[in-house]
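Student: Predicted model, plus sequence, below.
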Amino acid sequence: MNIVIEDYICSPKARPRLGKGGNVYSPSTKGENGLAWMMKAYVLEHHPNEKIPIEGKISVVIVVLSEKNLRGDIDNYEKFFYDALQKSGIIVNDKQIRRKFTELIESATVNEVKIDISCIKTMKMEV
């Protein structure tokens, strides 16, 4: 299943914070919720026959195109998109991701996010 979000300027997931009482939490962002809604809308429009949420082990490819320089580490962008996929209901849990590839492309001619999700078939291997 592919998802393309056009004219989207993304920001990385905020780093975990230490809260009151010593608990650690990851701050949620408004952008994450908005992106989750856009992802769900795209899937319902372009993949109406796809069964969601996708279950089982999956492979995720993310390509971020940005007209400007991006700030933050690539793993923070990955977490942002994985959390949005989970909040949108497209995947059950980001723990399903067993294979991943992410590319951040700066100085592009458009602001766009492309995501491809594939199921991974389990192969039995002899040792």
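Tutor: Cool, the structure landed. Note that this is a predicted model, so its numbers are computed, not measured. Numbering: from 1, shown residues only.
Student: which residues of this structure score low on pLDDT?
Tutor: Low-confidence segments of the chain (pLDDT under 70): 27-30, 123-125, 127.
Student: was I right about residue 116 contacting residue 61?
Tutor: Yes. Contact criterion Cβ atoms under 8 Å: residue 116 and residue 61 qualify, at 4.4 Å. Every residue, glycine included, has its C-beta placed from N, CA and C.
Student: Point to the residue nearest the middle of the chain.
Tutor: residue 81 (2.3 Å; Cα atoms, centre = their mean).
Student: Does that residue lie in a helix or a strand, and which?
Tutor: Per DSSP states H and E: residue 81 is located in helix 74-88.
Student: Look through this protein and tell me its longest helix.
Tutor: helix 30-46 (DSSP state H).
Student: Which strands and helices lie in contact with that helix?
Tutor: strand 2-6, helix 74-88 (3 or more Cβ pairs under 8 Å, 6 or more residues apart in numbering; DSSP states H and E).
Student: after that helix comes which helix or strand?
Tutor: strand 58-65.
Student: who's in contact with that next one?
Tutor: 10, 70, 77-78, 81-82, 85, 91, 96-105, 108, 110-120 (Cβ atoms under 8 Å, 6 or more residues apart in numbering).
Student: Just the ones of those residues in helices?
Tutor: Using DSSP H, the subset of the contacts of strand 58-65 located in helices is 77-78, 81-82, 85.
Student: Out of these, the closest to residue 49 would be?
Tutor: residue 85 (19.1 Å; Cβ to Cβ).
Student: Skipping adjacent residues, who's closest to residue 50 in space?
Tutor: residue 1 (5.6 Å; Cβ to Cβ, 6 or more residues apart in numbering).
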